[in-house]
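Q: sequence and predicted structure, then a few things I'm wondering about:
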Amino acid sequence: MRKKIVAGNWKMNLLPNEANQLFHEISENTNSNCQVYAFVPGIYLAELASKNQKNVFVGAQNAYYEDFGAFTGEISMKQIKANRAKAVLVGHSERRSVFLESNELLKLKVDAALKEGLDVFFCCGETLDERESNQQEEVILKQLQDSLFHLSEEEMKNVVIAYEPVWAIGTGKTASKEQANEVHQFIRKELTSKYGENCANSVSILYGGSCNPSNAKDLFSQSDIDGGLIGGASLKSKDFLEIQNSF
Ligand code: PEP
């Protein structure tokens, strides 16, 4: 059985009192029909992760692959783990496009995260140009092959894949449920040919890109969509909770 997951990506938002308030509202009201993660700004990670993570697991939005050293401004996987993070996002499109993170760098991050026992939420997805020239499968396959498919079947157990079409992130344009499911099925097919059916059927694949309370039900009812990675709508507890209740 694949895990149903709803994960919030708070990005670079919220002041301390707002972050605490949002976390409180979510963890008080989350029910257990799915696993819930909050990927919070690094500066709030230690405090929020020190709270009871029974209902809501706390994750980092990014971390570096070296353990320690002269990497000014970076935080390591080892440090976030020591501060009780449960998971880390790797390869979010904003990390790829704004911070120029390559597939090769992301591979190192994936390995470092798994070495620490963190769950990896690996993001992949095509840009608008790539979608318009029908290259989405090629692009996604390369992202998976270059950064993820060196892992063993055992290691894949700690990986969640998030399909996030770049053209749908923060734009209000959601992929249709058919478009999204088609890509999820493609990812699962590639997982099957690399790792076999058992493994492919146990990896949760989330959809991300302008997912909100009014489209979550449709998206989550698709055969290969196991939940969502939610940006904007994760900043309002009411919306985020409603999305969780869409299963
Ligand atoms: C994201 O940043 O991962 C995301 C899906 O953002 P939004 O929901 O705002 O499109």
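A: Thanks, I have the structure now.

Q: now G42: how far from A200?
A: Look at G42 and A200: by CB to CB, to the nearest Å, they are 33 Å apart. Using the backbone N, CA and C atoms, a C-beta is placed for each residue, glycine as well.

Q: what sits against the residue in the chain that the ligand sits nearest to?
A: Per CB to the nearest ligand atom, the residue of the chain with the smallest distance to the ligand is G231, at 2.1 Å. Residues in contact with G231 (CB atoms under 8 Å, 6 or more residues apart in numbering) are G8, N9, K11, I169, G170, G208, S210.

Q: any buried residues in the host helix or strand of I26, and which?
A: Taking DSSP states H and E as the definition, I26 sits inside helix 16-29. Residues A19, L22, F23, I26, S27 are the ones in helix 16-29 that count as buried (16 or more other CB atoms under 10 Å).

Q: can you give me the buried ones in stretch 96-107?
A: For stretch 96-107, by 16+ other CB under 10 Å, it's R96, E101, N103, L105, L106, K107.

Q: need the residues you listed in a markdown table with pLDDT and secondary structure, can you?
A: Below are those laid out as a markdown table (pLDDT from 0 to 100; DSSP: H, G, I helix; E, B strand; the rest coil):
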| residue | pLDDT | secondary structure |
| --- | --- | --- |
| R96 | 97 | helix |
| E101 | 98 | coil |
| N103 | 98 | helix |
| L105 | 98 | helix |
| L106 | 98 | helix |
| K107 | 98 | helix |
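
Q: what is the nearest of the residues you listed to R84?
A: Nearest to R84 among the buried residues of stretch 96-107: L106, at 23.5 Å, using CB to CB.

Q: many thanks, we can stop here.
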